[in-house]
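Chemist: Quick one, what's the 3D model for this:
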Amino acid sequence: MSQLNLIQPNWPAPANVKALQTTRQGGVSQGPYSSLNLAEHVNDDAIAVAHNRQLLSPYLPSEPVWVNQVHGIEVIDAAKSGCLDDADGSFTTQKSVVCVTMTADCLPVLLCDNAGAVVAAVHAGWRGLCDGVIEAAIHKMLMQSNTVLPSNILVWLGPAIGPNTFEVGAEVREQFMQKDSQAESAFKPHADKWLCDIYTIAKQRLNNLGVTQIYGSSINEDFCTYTDEARFFSFRRDNLTGRMASLIWLSD
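Modeler: Sure thing, here's the model as predicted:
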């Protein structure tokens with residue numbers, strides 16, 4: 001088995017909930033995609049991507065349910081997914097079905113309930129975060145069982161562009177504040193633009209739903225994709241680059 005540089009999420013998930021976060025290290029891709037690029041849509045060599053996915057497969061119970069991420073709020077049932085459905089989140093209640101999101105600055109969000117009955121993976125770019133992709137995922141999780149409550153949902157926030165490097169225009173700030181005025185605290189002036197803290201916004205949105213068990217980046221770990229070039233791909237930093245995967249599934 002290849003020894004990939006994988007991150008184990010640090011959160012008190014039930015024993016049957018398994019999760020992994022890839023880094024850019026340990027694969028075979030070359031150039032700007034070096035080295036563990038897992039995305040087929042970024043013009044990397046297709047054989048290299050297939051090889052990288054094969055290197056990851058021994059760590060997983062099945063092939064991840066890859067989706068075509070479109071910066072929307074659609075969250076699908078991974079066990080019923082077709083081939084590359086358009087979606088920015090997936091959930092499952094079935095064992096060995098692997099939910100996955102791919103990112104290179106956008107915020108990956110992994111979720112589970114404390115009984116280990118349902119898991120989800122969400123791609124929260126700023127557009128999806130603003131429009132409610134996290135809320136959509138929570139809604140789908142709550143629909144699976146009357147024992148799944150906001151108070152017993154756990155969340156892990158993975159590597160994303162950090163609050164000191166994500167520069168946005170005033171129009172982005174305004175869109176967030178139109179949805180929720182408390183988002184104002186997630187922005188600070190930076191020349192004629194603003195620095196945006198997507199972790200704070202994600203936590204605000206989760207707290208609004210009654211979800212308070214939140215772990216991961218910007219809380220007890222530092223995972224800024226933009227500044228940590230050795231470990232992470234960053235679209236904002238490099239433009240032409242690969243993608244990392246955040247994966248979650250239920251085991252026996």
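Chemist: where do the helices sit along the stretch 151-252 of the chain?
Modeler: For the stretch 151-252 of the chain, helices defined by DSSP state H, counting those that start in this stretch occupy the ranges 170-179, 198-208, 235-238.
Chemist: Show me what the shortest one is packed up against.
Modeler: For helix 235-238, there is no helix or strand it packs on, judged by 3 or more CB pairs under 8 Å, 6 or more residues apart in numbering; DSSP states H and E. For the C-beta atoms, the positions are set from N, CA and C on the backbone; glycine is no exception.
Chemist: now do the longest one
Modeler: Contact here means 3+ CB pairs under 8 Å, 6+ apart; on that basis helix 198-208 packs against strand 107-113, helix 126-131, helix 133-143, strand 153-157.
Chemist: Just put those in a markdown table and tack on mean neighbour count, distance to Asp85 and mean pLDDT.
Modeler: Output for the helices and strands packed on helix 198-208, formatted as a markdown table (neighbours: other CB atoms under 10 Å; distance: least, CB to CB, whole Å; pLDDT from 0 to 100):
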| stretch | mean neighbour count | distance to Asp85 | mean pLDDT |
| --- | --- | --- | --- |
| strand 107-113 | 28 | 18 | 98 |
| helix 126-131 | 21 | 15 | 98 |
| helix 133-143 | 21 | 14 | 98 |
| strand 153-157 | 24 | 23 | 98 |
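Chemist: Looking at the ones you listed, spot the one closest to Glu184.
Modeler: Nearest to Glu184, of all these, is helix 126-131, at 13.6 Å by CB to CB.
Chemist: that older thread, I'd like to know which of the helices and strands packed on helix 198-208 lies nearest to Arg53.
Modeler: Across the helices and strands packed on helix 198-208 (criterion: CB to CB), the nearest stretch is strand 107-113, sitting at 17.2 Å.
Chemist: which residue ends up closest to the midpoint of this structure in space?
Modeler: A centroid search over the chain (CA atoms, centre = their mean) returns Pro108, at 1.3 Å, as the residue closest to the centre.
Chemist: That residue is in contact with Ile161, isn't it?
Modeler: No: contact criterion CB atoms under 8 Å: Pro108 and Ile161 do not qualify, at 11.6 Å.
Chemist: ok so, going back, out of the helices and strands packed on helix 198-208, which comes closest to Leu195?
Modeler: Among the helices and strands packed on helix 198-208, helix 126-131 comes nearest to Leu195, with 12.5 Å by CB to CB.
Chemist: before we move on, the earlier item: list the contacts of the residue nearest to the centre of the chain.
Modeler: Neighbouring residues of Pro108 by CB atoms under 8 Å, 6 or more residues apart in numbering: 21, 101, 121-124, 157-160, 244, 246.
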